[in-house]
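>>> Show me how the following folds:
(2 chains, ligands or ions: 1)
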Amino acid sequence: MCLGIPGEIVELIPGQPELAKVEVAGVRRAINVGLVSQDGIRPGDWVLVHVGFAMSKIDEQEAAATLALLRGLGQAYTDELEALAESDIT
Amino acid sequence: MRFVDEYRDAGQARQLAARIRDLCEPGRHYTFMEVCGGHTHTIYKHGLEDHLPETVSLVHGPGCPVCVIPMGRIDDAIAIAHEPGVIMTSFGDMMRVPGGRGSFLDAKAAGADIRMVYSPLDALKIARQNPDRTVVFMAIGFETTAPSTAMTVLRAEAEGIGNFAVFCNHVTILPAIKAILDSPDMRLDGFIGPGHVSTVIGCRPYSFIAGDYGKPLVCAGFEPLDVLQSVHMLLRQLAEGRAEVENQYTRVVPWDGNPRALSAISRVMELRPHFEWRGLGFIANSALRMGESYAAYDAERRFPVPGVRVADPKACQCGEVLKGVLKPWECKVFGTACTPETPIGTCMVSSEGACAAYYNFGRFTRRREVAPSPGLRSGGSAATRATREGDGFERPSSLTK
Ligand code: SF4
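Next comes the predicted model:
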């Protein structure tokens, strides 16, 4: 739960400025971007996602490194991804 | 994955290790605390201690939110879950944490409606879909997750959702660090600061550690090289007679944190006068509860909460592990009675807990760890795993070039 999972913003959701669709390891989910929107969020941006909220913007290099680190966690990462896949906040 | 190699290059690790060795004063011992469970994980997984001189020890701190929840709070949450009409929601990590009278999983088996969620927003959605029930979210975590809970409450308010409440167990990291600094049995030379908490609170709030206690702190990333570099930065400060807050993790941590996240927390929540931490006891101003204006969303005001303090099981030494006084394998039940499948203490439940991390990645290559504790000798699996593991950096293929 403390793990920040890097996600790539793939779509802004019209009419819902706080929400955006991200892709995380092949899973597309809506997340809340209200805490980073002051930085201007656009498709193609990478964010660190904590429990359904983008908490910081990161660059692609950091995202790649973090993903590799998380994969190394094995089960803990799989559990987190499964939980994310089941999440539906829209 | 070219990117990743930059953070894990074995050659760079060796260079850093050599520079670290050069900075160590002969005959002097250094003890640094990694506050965050994420760092504990990296350290054990990559065997980073093997890359450090014998005179540099890393001890883990209280930065695992699941680990620090006292048993009484689990019992309270279960009591709320058994109230008529309640749906209790919780992160998966919490499900197996033992309270005084069983875990969420046990309560679920006994008929309580307890559901796992990934996000507090999922809990809010369940509330939206079940207007005749009251959905309670078991909120845990440091400043990393507190903003998410706060934002969810703000959203509930904006949408006029009244059947949603938070059982707030959010804790704040600074008072815990202060408690450790004040504790007589801890002699630390510096801190590896928590990475993700700092994305929210920034680096500035740590300045009392340097200013009042004269200890350096370096906010660190989670890659193996990040941790080694942070150790190097700490040692350099000590060698130069400095005690400052430095930021190694600039690629993610802004010096001032995330102001929006901080203002969401302070709008919705207020400090508790005191809160019990597992192993650390009661610490003043160390946790958050719903503020006056959000009392309607406060599960503790909406439901009777027993609030009974439950002592940890006798065999459990999580307190010592959370304070960095004991290493996981020094606990008498580590790997024998206490395993991730049958946890006695919380540090074995969460993947960020020191005991779980050590159980999964434990290695015993360092000379100072050669004499295993009795727990280890009888505790087959952990020891077997440990000997099977390779040597630190060279293991995953991405680490070698
Ligand atoms: S081995 Fe189990 S009881 Fe002992 S400190 Fe670790 S989690 Fe606690």
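
>>> Now do the contacts for residue 58.
Picked chain A for this. For A:I58, the contact set (C-beta atoms under 8 Å, 6 or more residues apart in numbering or on different chains) comprises A:6, A:46-48, A:66, B:251-252. Heads up, the C-betas are built off the backbone N, CA and C, glycines and all.

>>> that's the wrong chain, I wanted chain B
The contact partners of B:L58, by C-beta under 8 Å, 6+ apart, come to B:31-34, B:43, B:48-49, B:52, B:192, B:231.

>>> Which among those residues count as buried?
Buried by 16 or more other C-beta atoms under 10 Å in any protein chain shown: B:32-34, B:43, B:48-49, B:52, B:192, B:231, out of these.

>>> Turn those residues into TSV, including secondary structure, distance to the ligand and pLDDT.
As requested, the buried ones among the contacts of B:L58 are exported to TSV (DSSP: H, G, I helix; E, B strand; the rest coil; distance: C-beta to the nearest ligand atom, whole Å; pLDDT from 0 to 100):
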residue	secondary structure	distance to the ligand	pLDDT
B:F32	strand	21	95
B:M33	strand	17	94
B:E34	strand	17	92
B:I43	helix	16	87
B:L48	helix	20	88
B:E49	helix	18	85
B:L52	coil	23	91
B:I192	strand	21	95
B:V231	helix	24	95
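
>>> helix, strand or coil for the residue located most distally from the centre of chain A?
Within chain A, the residue lying farthest from the chain centre (C-alpha atoms, centre = their mean) is A:G15, at 20.0 Å. Put simply, A:G15 is coil when judged by DSSP: H, G, I helix; E, B strand; the rest coil.

>>> Now the terminal residues of stretch A:30-42, how far apart.
Counting by C-alpha to C-alpha, to the nearest Å, you get 14 Å between the two ends of stretch A:30-42.

>>> For chain A, which segments count as strands?
For chain A, the strands defined by DSSP state E cover A:5-12, A:19-24, A:27-32, A:46-50, A:53-58.

>>> between the ones you listed, which gets nearest to B:P216?
Closest to B:P216 of the strands of chain A is strand A:53-58 (C-beta to C-beta; 24.1 Å).

>>> where in the chain is pLDDT low?
Since no chain was named, I'll use chain A. For chain A, the stretches flagged by pLDDT under 70 are A:1-3, A:73-74, A:76.

>>> ah, I was thinking of chain B
Residues of chain B meeting the criterion pLDDT under 70: B:1-9, B:362-401.

>>> which residue does it bring closest to the ligand?
Residue nearest to the ligand within chain B: B:G345 (2.4 Å; C-beta to the nearest ligand atom).

>>> residues near that residue, how many?
Using other C-beta atoms under 10 Å in any protein chain shown, the number of residues around B:G345 comes to 28.

>>> now swap in the one 10 residues further on and tell me
Under the neighbour criterion other C-beta under 10 Å, B:C355 is assigned a count of 34.

>>> Check B:P84 too.
B:P84 has 6 neighbouring residues, counting by other C-beta under 10 Å.

>>> same check, this time on B:S351
24.

>>> One more: A:V22?
For A:V22, the count of nearby residues is 25 (other C-beta under 10 Å).

>>> Would you check how far apart it and A:I41 are?
For A:V22, the distance to A:I41 (C-beta to C-beta, to the nearest Å) stands at 10 Å.

>>> Need the residues touching each of those two.
With C-beta under 8 Å, 6+ apart, A:V22 and A:I41 have common neighbours A:9, A:47, A:54.

>>> Could you export those as a markdown table, including neighbour count and distance to chain B?
Listed next are the shared contacts of A:V22 and A:I41 as a markdown table, based on neighbours: other C-beta atoms under 10 Å in any protein chain shown; distance: C-beta to the nearest C-beta, whole Å:
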| residue | neighbour count | distance to chain B |
| --- | --- | --- |
| A:I9 | 21 | 17 |
| A:V47 | 26 | 11 |
| A:A54 | 26 | 10 |
